[in-house]
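1. Sequence plus predicted model, see below.
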Amino acid sequence: MAKQLLYIEMDNCIGCRSCLAACTQCGGHDSRNRNYVMDVDPMQTRQTIPLMCLHCVNPACARSCPAQAIQIADTGAVLSALVEKCIGCQNCTIACPYGIPKFDQEQNLMYKCDLCYDRTKDGIPPMCASVCPTNTLQWLTESELAEKQSAHRLAGGKWIASQSLEPLESETNVKISLPGILQGVQKLF
Amino acid sequence: MQKDKFFKEIQNKLHPGEKLVSTHCSYCGMQCGMNLRVDTRTNTIIGVEPRYDFPVNLGKMCPKGVTAYQQVNHPDRIKRPLIRRNPAWKGTAEGFEEVSWDEALTFIASRFTELQEAYGKDTLSVYSGVSMTNEKCYLTGKFARVGLQTRYIDYNGRFCMSSAAAGFNRSFGIDRGSTVPWTDIHQTDCLLIAGSNAAECHPTSMFRIWEVQNRGGYLIVVDPRETPLARRADVHLDLRPGTDLALANGLLHLLIENGAIDEEFIHNHTNGFAETKALVEMYTPEVVSEITGIAQEKIIRAAEIYGKAPEAIVMFCRGVEQQSKGTDNVSAYTNLALATGKIGRPKSGVATFTGQGNGQGGREHGQKADQLPGYRKMDNPQHVQEVACAWGIPVAEMPQKGVSAYEMFELMHNKTIRGMYLLCSNPAVSAPNLSYVREALKSLDFMVCSDFYLSESAEYADVVLPTTSWAEDDGTTTNLEGRVIRHRQAQSWYAESRPDWWIQIEIAKRMGRGQYFEHLSGPREIFDELRRVSQGGTADYYGITYEKIEERQGVFWPCRDEEDPGQPHLFLDKTFYHPDGKAKICALPYRPPAEEPDEEYPLRLTTGRVVYHYLSGNQTRRIPFLRDMYPDPLLEVHPDTAQKYGIAHGEKVLLKTRRGEAVYQVKVIAAIRPDTVFVPYHWGKHESINLLTNPALDPYSKMPEFKACAAEIVKLEEEERQHG
């Protein structure tokens, strides 16, 4: 099975939060959603962007965990804290450059996006990318991703897409395009 | 199977102890394919799984769709029939007692009979909806005319699709919401989308809409607000609410001036161009800019793009249709496609975004005051004869045509109508001028409401009948493309709820009209009767069977016999449905909304939806995720306007019109015209924006003017703000 990756095209987001509603449907998610959709500047515009776990190759959350509760799957997915190991210190939330890990006060337990490990381990797309009605979230093969990268690289080189460059802390398994994907598009007429 | 560029072969996730039932969403006209997850041990619906192979949405769902399954086993479901014997409680949820089905049905039949004996057959009315299957919509029309023998039946499509229907009938001679399948949308070169907040109301269209731009095509959006759709438009025509007709005429003016029209197509396939050309002469960019408030350059640019586009689709929605000239708006936007010949071929055409799940099918088979199955008309004696014959009743027994939904409330006020059977609708929230409508409901001698939750309208009923939810019954709906699709029963009937077809057959039997209904033992038998009765009509379903729908992922009507594959594209042979085969280009002079701003009410109020809620909110306000995301209605105000009134973001203010007033929390946002305010309409009781909206009706479609009226904001005193 070809390796597949989550790819985020920020510009497409309409703020419907279907990704969050669908997140609850994955096995092992305990009906809780694990990501965020942010209003960019709500008094000016209706622009929104998803804030998903980017599944860092060298994840700060796992490095900061004193109990080694955060495991990394063979797919590269950075998993939710193991119930039996998590001590509820929330180091991970503080360490994560994007503030992704959520915390359940009652259970004293961190929980986060596991890239729908229950689905993606079998090659089935995660729920968020399955339902996203705008293709903000896409589940792509590496060759499809390469196409996106070549399509969206701008001549100036400043603005980036699909690459793990400056705007991100470090290399991530999830690839993103920052707003502006239409900038390089050649109009049909 | 139609496979387009977005299609991917994907297996479904199947959890142990579960099965998947392949069906469609309960909500909007997209009718997205979905799988319901059913616990095989308890036979209950417990979740949702994408249906990646359904060609319209390919597994994609909006937040309403994802959570739709939570309606089914919701704690608010009505479990048993309810009777309320003390009318003093009308308008509240109090005073109901649970009774058996037999008692409820016998009581209904005896009260209906008493009323009809005292005041004539037409004292009863049926008020229906189109968030239900074709089978139920068809049977409801027959139930009213044959079961209850009343002329007064109409439905909530009058507040939804009636202007599109009347406009398409006038322009094309046929009313199918889209001339192209949705799988054409991303392949076109230009989308001109007017009065549609597709990103929130039809979100699963969005991946196709964005793809037009990704390919280098253009997106032109007409909307008073910078909606999530308009945010990315190449040209955003930010018009004043209620001025579409001037804009559409202005665009046609420019298309003619630019030489972008197709003379040959106009000559061979249309009527009325010369007259229309003469009319739009006066709609120069200057005049149109003056009326609409849109900058001239933007109007000129939009006309240039649409004119140059090799292929283009004109799309619209309630923004243009819910006006007192909604029908004219529809025909005027349709003129653009006809004058340029961008219709009658793949990737070009005209489409409306159908609002309700079965807004298309539900308006074809006889729930409309003036209409019979197969889109037959009651003022056509031959049509009446055909249907009377199919139903086995003497022609003389076919009731006359009735009146439109809002006009029925007027007849309740003057006691022409004393009884009502309401199903699948919540007019105590969705109708305009609500104080008047709620009074009408209260004044009824006897009212029955069939619903699966106790809606705001059910609170006015004497008897409430628990009906099944969408996932508990089989049947078909017709989506916004005109594609007839199959809904499948995923769970047995909840508690003692019953499908509406069962309820109607039982009432008919008790009214002594059983002979016309008893042979209909379920959805399949009803569909087969619908097929036969629609045969030969414009909306001909005769060739559509449950099996064929299954094989072909839906069948587009018209479909005249078993061999007919149906018609995904309309007018491919350039033949329209008027007797001479030509379409009509209509000369439609602009007129302002029924109520324009003045000194007393200087703002323009427009209404609409948010992505988390559906119609009157009776379903979505009960779903925790949706409620949490958007719990209360917000009044959208431009920062300049907020400053003028001295009001802050988050402050509560009084909004008033000539019809009513309500208190709303202010959302200050620059993405709206400064002269316009917006409130979504999904809430009941004192939060309903429809307390304020204008019931001025379109003369053809009888659509009320929800989208434009004059309003004023009043700042509340400190104390009122605390408690308001």
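-> Here it is on my side, so go on.

2. quick one: low-confidence parts of chain B?
-> B:1-2, B:719, B:721-724 (pLDDT under 70).

3. now with 90?
-> Residues of chain B meeting the criterion pLDDT under 90: B:1-3, B:717-724.

4. Helix, strand, or coil at B:K142?
-> helix (DSSP: H, G, I helix; E, B strand; the rest coil).

5. In this structure it contacts B:W391, no?
-> Yes. Counting by C-beta atoms under 8 Å, B:K142 does reach B:W391; the two are 6.5 Å apart. Any C-beta I mention is one placed from the backbone N, CA and C, and that applies to glycine too.

6. In the helix ranked longest in chain B, which of the residues would be classed as buried?
-> For chain B, the helix reaching the highest residue count under DSSP state H is reported as helix B:101-119. For helix B:101-119, a neighbour-count test (16 or more other C-beta atoms under 10 Å in any protein chain shown) marks B:W101, B:A104, B:L105, B:F107, B:I108, B:A109, B:R111, B:F112, B:L115, B:Q116, B:Y119 as buried.

7. what do you get for stretch B:619-635?
-> For stretch B:619-635, by 16+ other C-beta under 10 Å, it's B:Q619, B:T620, B:R621, B:R622, B:I623, B:F625, B:L626, B:M629, B:Y630, B:P633, B:L634, B:L635.

8. ok, now how distant is the first one from B:P224?
-> Spelled out, it's B:Q619. 27 Å (C-beta to C-beta, to the nearest Å).

9. Got phi/psi on the residue nearest in space to the middle of chain A?
-> Among the residues of chain A, the one closest to the centroid is A:M52, at 3.2 Å (C-alpha atoms, centre = their mean). For A:M52, the backbone dihedrals (degrees, to the nearest 10) come out as phi -110, psi 160.

10. residues contacting the closest residue to it other than its chain neighbours?
-> Spatial nearest neighbour of A:M52, excluding adjacent residues (C-beta to C-beta, 6 or more residues apart in numbering or on different chains): A:N35 at 4.7 Å. By C-beta atoms under 8 Å, 6 or more residues apart in numbering or on different chains, the contact list for A:N35 reads A:C19, A:L20, A:C23, A:P50, A:L51, A:M52, A:C53, A:I100, A:C113, A:C128.

11. how far away is the first one from chain B?
-> So that's A:C19. Distance, A:C19 to chain B, using C-beta to the nearest C-beta, to the nearest Å: 9 Å.

12. Likewise for the third one?
-> Relative to chain B, A:C23 is positioned 9 Å away (C-beta to the nearest C-beta).

13. State the pLDDT value of that residue.
-> Per-residue pLDDT puts A:C23 at 96.

14. what about residue 19, neighbour count?
-> Unless you meant another one, I'm taking chain A. 28 (other C-beta atoms under 10 Å in any protein chain shown).

15. meant chain B actually
-> Counted with other C-beta under 10 Å, B:K19 comes out at 14.

16. do the same with B:S205
-> Neighbour tally, B:S205, other C-beta under 10 Å: 29.

17. ok, B:V429 to chain A distance?
-> Distance from B:V429 to chain A, by C-beta to the nearest C-beta: 23 Å.

18. Just give the number of residues close to that residue.
-> Count around B:V429 with other C-beta under 10 Å applied: 27.

19. residue contacts, it?
-> By C-beta under 8 Å, 6+ apart, the contact set of B:V429 is B:S455, B:E456, B:S457, B:S616, B:G617, B:N618, B:Y681, B:H682, B:W683, B:G684, B:S688, B:N690.
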